[in-house]
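Peer 1: Sharing a model that was predicted from the sequence below.
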Amino acid sequence: MCKICGAKTIVEYDKDMKCHVHFCNECGFIFKSENDYIDQSTEKDRYSKHNNNFENVGYVNMFEKFLDKIDDFISYEGYILDYGCGPGPVLSEMMSARGAKIKTYDLYFPHSEDYHEYVYDIITLTEVIEHFKDPLLELNKILDLLKKNGLLVIQTLFIQKPFLKWWYRRDHTHISFFDNKVFEKISEIFNLKVTYTDNHNIIILQKL
Ligand SMILES: [Zn+2]
């Protein structure tokens, strides 16, 4: 069953990745079968090897591109939560430099202890949502921390077909896959509005 819309899914076996993949024809959501997930310690180990810090030029460039794209659509005046910030607070430091008041959260790495005591004007989820086992549960928690009219800014590579040949699925920690259509369904469920999409890897959703 689809974890987003509840429709029946079609299951295919991914021979390269040795895992089952669910495809939803209703909302377009694609997800890997839970039986094939790697365990949490292996997952944390994998993230630690990502080398996500200021010395990694590719990683810094990715966020510069991200901010260039969203700069026109967001304000850095309020409180921002960088949700799933990773080991090096690269994006949050770049947003601080633009004048934002930043809090960070990450399941596996050090973050602002008091992050949950605030409500935010903006929450960023960069390369995070594809790791969610239960996107609706996680988004529900995240949206509780967002002000009315606040913005959820998401970066995740949108689904490319044929899926079973796509490089992005090859990371074992990538388990949930999205595109505009899936985000439309999510917006319907949580009463959000799509205010921007680049139709590639960035979408901005406003809480109504
Ligand atoms: Zn669905």
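Peer 2: Received, thanks.
Peer 1: Spatially central residue for the chain, please.
Peer 2: The C-alpha lying nearest the average C-alpha coordinate of the chain belongs to Ile129 (Cα atoms, centre = their mean; 2.7 Å).
Peer 1: Identify the residue nearest that residue in space, chain neighbours excluded?
Peer 2: Closest residue to Ile129 apart from its sequence neighbours, by Cβ to Cβ, 6 or more residues apart in numbering: Thr156 at 5.0 Å. C-beta coordinates here come from the backbone N, C-alpha and C atoms, glycine included.
Peer 1: With Gly99 instead?
Peer 2: Tyr76 (4.7 Å).
Peer 1: go on, Gln155?
Peer 2: In space, Gln155 is closest to Thr126, 4.2 Å off (Cβ to Cβ, 6+ apart).
Peer 1: Give me the residue ranges of the chain where confidence is low.
Peer 2: 50-51 (pLDDT under 70).
Peer 1: Residues of it that sit close to the ion?
Peer 2: Residues of the chain found near the ion (Cβ under 5 Å from the ion) are 2, 4-5, 7, 24, 26-27, 29.
Peer 1: again, 8 Å this time
Peer 2: Residues of the chain lying near the ion by Cβ under 8 Å from the ion: 2-7, 9, 24-29, 182, 185.
Peer 1: so of the residues you listed, which ones are in strands?
Peer 2: Judged by DSSP state E, the residues of the chain next to the ion include 9, 24 as members of strands.
Peer 1: now the residues of the chain next to the ion: which count as buried?
Peer 2: Neighbour counting over those (16 or more other Cβ atoms under 10 Å) leaves 2-5, 9, 24, 27-29, 182, 185 as the buried ones.
Peer 1: Output the longest helix belonging to the protein.
Peer 2: helix 57-70 (DSSP state H).
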